[in-house]
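**Q** Sequence and computational prediction follow.
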Amino acid sequence: MPFELKDLEVSLSPQLSVRLVVPVDDDAVLDHFIATGRGDVDPFFCSVWHSSMAIASLLLVEQPRLALGKSVLDVGCGLGLAGIAAALAGARSTVLADNEPLALRCALMGAASNGLLLRPEPSLASTLCATSDGAGLGQLSALRLDWHAPLAELSGAFDLLLAADVLYDKSAPAPVAGLVLHCLAPGGLLVLSDPPHRTPALREAFGAAVAGQLEIVSDTTALTDDPGGEGKAAQVRTTVFRRL
């Protein structure tokens, strides 16, 4: 990697934590982007977002059977916390998807540090058909994904989509809605999580875009601990939708 990394233990409960691999210094990542002609790119992936922690807690603590045996896509995975949690919860296969290659490299290193079986083949089809490794943990891989142009082979391929903090500006709801409807199988679930104070209008726009095609199964808002362990809790809204 072109910058220094460190291990981070994210505690989901007194008895349960997930290990991640994160950049030591956000500024070093930004310096790398500038040096490589990508100065307009923000290093958002360097942070562990409260929303990803909320999804991880849902999958590993509150509803541990939600991901069990499912094919899972972690959309805009960043450091991979939500997708890694799904794999640890017994997902049949998990794809960590992001448009930033450096994020995917960190996410895969984090997955490996949790003992997950990585899929080395480049074939997406082999990933989606991955079988259990025999220890109750399915296989995991990474995919560079452009929300505006999802691959045809992703159509209806997933039982469970995870989306943490993806509705971050006014341009996001339409492509995210299109991606969800493209990738999610009939009857499949979407877990959408974000801070309620920041995204109400964007949530409304997303809801309008999926009206009649997704239904809400549950909708909760709760205080989520700081993923970095610094004691800065935040409100997070987590909604589970079902594909009609």
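**A** On my side now, so go ahead.
**Q** what about the most far-flung residue of the chain relative to its centre, distance to residue 44?
**A** Here the centre of the chain is the reference, and by Cα atoms, centre = their mean the most remote residue is residue 35, at 27.9 Å. Taken as Cβ to Cβ, to the nearest Å, the spacing of residue 35 relative to residue 44 amounts to 18 Å. All C-beta atoms are positioned from the backbone trio N, CA, C, and that covers glycine.
**Q** what packs against the host helix or strand of residue 192?
**A** Per DSSP states H and E: residue 192 is located in strand 184-194. Based on contacts counted as 3 or more Cβ pairs under 8 Å, 6 or more residues apart in numbering; DSSP states H and E, the elements that strand 184-194 packs against are helix 50-57, strand 158-164, strand 234-243.
**Q** So the residue lying closest to residue 28 once chain neighbours are set aside versus residue 38, what's the distance?
**A** Excluding its sequence neighbours, the residue lying closest to residue 28 (Cβ to Cβ, 6 or more residues apart in numbering) is residue 3, at 4.3 Å. For residue 3, the distance to residue 38 equals 13 Å [Cβ to Cβ].
**Q** Look at these two and report which has more neighbours.
**A** Set side by side, residue 3 and residue 38 show more neighbours around residue 3, with 17 against 12, by other Cβ atoms under 10 Å.
**Q** Check which element follows the helix of greatest length in the chain along the chain.
**A** Among all segments of the chain classified by DSSP state H, the helix with the greatest residue count is helix 101-113. For helix 101-113, the succeeding helix or strand toward the C-terminus, using DSSP H and E, is strand 117-118.
**Q** Done for today, thanks.
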